[in-house]
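Chemist: quick one, structure for this:
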Amino acid sequence: MVLMKTRLLVILAASVTAAQQYQGPRDTTFEGQKAVVLSNRKLQLTLLYQGSVLASVVLADDVERLSPLWNPLRLAREAGHQARFDGIFGHFVCVDGFGIPSAEEQAAGLPVHGEAHVTQFEVTKEANAVSFTARLPIVEEVMTRTFHIVEGENVAYVDTQIENLLGFDRPVNWAEHATVAAPFLAPGETTIALSGTQSHARDYTLNHEENAPQAQRRLAPGKLFMWPFAPGVDGNPVDMHVIPENPHFLDHAATLLNPGREQEWVSAFNSEKRLVYGYIFRRSDFPWLEHWGSYPSAGQVVRGIEFTTQPYDGSRREVITQNSMFGAPTYRWLPAKSKIESHFLLFYARTPEGFHQVDDVRLENGHIVIYDMRSGTRLTLAASRGL
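Modeler: Okay, the predicted model is just below:
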């Protein structure tokens with residue numbers, strides 16, 4: 001009888017601990033900002049009330065609490081600098097606008113990268129989901145963004161809707177500004193892979209906002225290439241997969257994602273820590289990926305893996321005037337008094353022994369399958385909600 005009571009107490013204690021640990025979304029603060037934590041037994045997401053920013057993703061059992069996402073405030077502290085929070089952080093959404101607005105738009109109050117990332121959202125919490133809703137007053141749109149998780153999965157599901165409050169069709173600039181950084185991003189350890197094809201190195205000689213000296217450039221300006229080998233300023237090819245061993249560069253390029261696929265992907269794989277982070281999304285939502293590499297030093301490296309409606313961040317006027325690149329459009333239509341949506345999955349997991357590189361990522365029969373073709377190894381993750 002005593003043994004049975006002891007076992008019962010142990011079971012009850014374990015149940016209480018589990019209930020306390022996984023009791024649904026909870027409010028917190030992150031870098032001084034109001035935030036909400038969404039977690040299961042695999043992942044913990046920290047989401048900011050401002051901008052619905054995905055500020056941090058960690059594995060629930062990771063004692064290091066290592067997030068692959070960019071935290072510019074932490075990097076500034078580590079470099080002995082001061083920085084302020086401006087919503088350009090982690091994975092943030094650029095709606096409606098991606099890049100520096102025109103002089104007239106700036107005078108009207110439109111910020112760089114649109115309004116969403118500087119707007120305070122209303123938050124609704126459910127057992128396994130958090131929804132963010134806000135009206136964007138300058139562009140007259142309503143944005144709703146929902147993050148879902150499923151117990152036992154290393155995957156989060158992100159669904160976004162934009163509603164046009166005006167009575168006319170207009171083009172939309174929309175980017176998912178996903179950004180990974182040190183210490184997850186490390187020279188000699190981390191590689192970037194994606195379903196890429198035709199690519200272009202930004203012609204910084206024509207872009208006055210990008211004023212880094214040529215000595216800090218690796219890519220020859222304005223040159224076309226096939227992912228991942230870009231022409232370098234020294235005439236040698238630059239492998240865009242890898243993080244430079246002697247970082248002191250600024251890179252900027254765009255890649256058209258594979259027109260032969262319905263679902264595209266991008267990943268960052270740290271072979272030393274055996275961790276892979278990435279996204280799967282619909283090509284019809286985001287046909288482009290913009291690369292922004294900031295490599296001032298090994299401990300400060302940052303890489304934007306931004307999936308977008310356009311090849312580069314730029315003013316609305318520039319993007320619409322360009323119209324297309326490589327035969328693909330550079331914007332998306334938002335019809336009058338209507339709504340459009342986007343959907344993507346993010347994944348973060350440990351890789352198995354013998355896994356060396358990411359060659360392909362596919363969503364197959366309710367699972368994300370990450371392939372290493374060289375070794376014949378694969379990682380399979382449950383993704384029951386699909387895309």
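
Chemist: what stretches of the stretch 201-350 of the chain score poorly on pLDDT?
Modeler: 207-215 (pLDDT under 70).

Chemist: all strands for it, in order.
Modeler: If you assign secondary structure with DSSP state E, counting those that start in this stretch, the strands in the stretch 201-350 of the chain sit at 224-226, 229-231, 237-239, 249-257, 263-270, 275-282, 288-295, 302-308, 324-325, 328-329, 332-334, 339-350.

Chemist: need the ones you listed in a markdown table (columns: distance to Phe132 and mean neighbour count).
Modeler: (Glycine included, C-beta is placed from N, CA and C.) Below are these laid out as a markdown table (distance: least, C-beta to C-beta, whole Å; neighbours: other C-beta atoms under 10 Å):
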| stretch | distance to Phe132 | mean neighbour count |
| --- | --- | --- |
| strand 224-226 | 38 | 14 |
| strand 229-231 | 36 | 18 |
| strand 237-239 | 38 | 15 |
| strand 249-257 | 26 | 22 |
| strand 263-270 | 23 | 23 |
| strand 275-282 | 18 | 23 |
| strand 288-295 | 24 | 23 |
| strand 302-308 | 19 | 23 |
| strand 324-325 | 31 | 14 |
| strand 328-329 | 27 | 16 |
| strand 332-334 | 19 | 18 |
| strand 339-350 | 14 | 19 |
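
Chemist: do you know which of those strands lies nearest Leu43?
Modeler: Leu43 sits nearest to strand 339-350 of all the strands of the stretch 201-350 of the chain, at 6.2 Å, using C-beta to C-beta.

Chemist: relative to that closest one, what are the paired strands and their orientations?
Modeler: strand 155-164 (antiparallel), strand 275-282 (antiparallel) (DSSP bridges).

Chemist: export these to a markdown table and tack on distance to Ser195?
Modeler: Rendered in a markdown table, the data for those read as follows (distance: least, C-beta to C-beta, whole Å):
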| stretch | distance to Ser195 |
| --- | --- |
| strand 155-164 | 18 |
| strand 275-282 | 10 |
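
Chemist: of all the strands of the stretch 201-350 of the chain, which one is nearest Asp159?
Modeler: Once these are compared by C-beta to C-beta, strand 339-350 is nearest, at 5.2 Å.

Chemist: how about residues contacting the following helix or strand past the closest one?
Modeler: The helix or strand immediately downstream of strand 339-350 is strand 360-364, counting by DSSP states H and E. Residues from elsewhere that reach strand 360-364 (C-beta atoms under 8 Å, 6 or more residues apart in numbering): 195, 263, 265, 267, 278, 280, 345, 368-371, 373, 383, 386-387.
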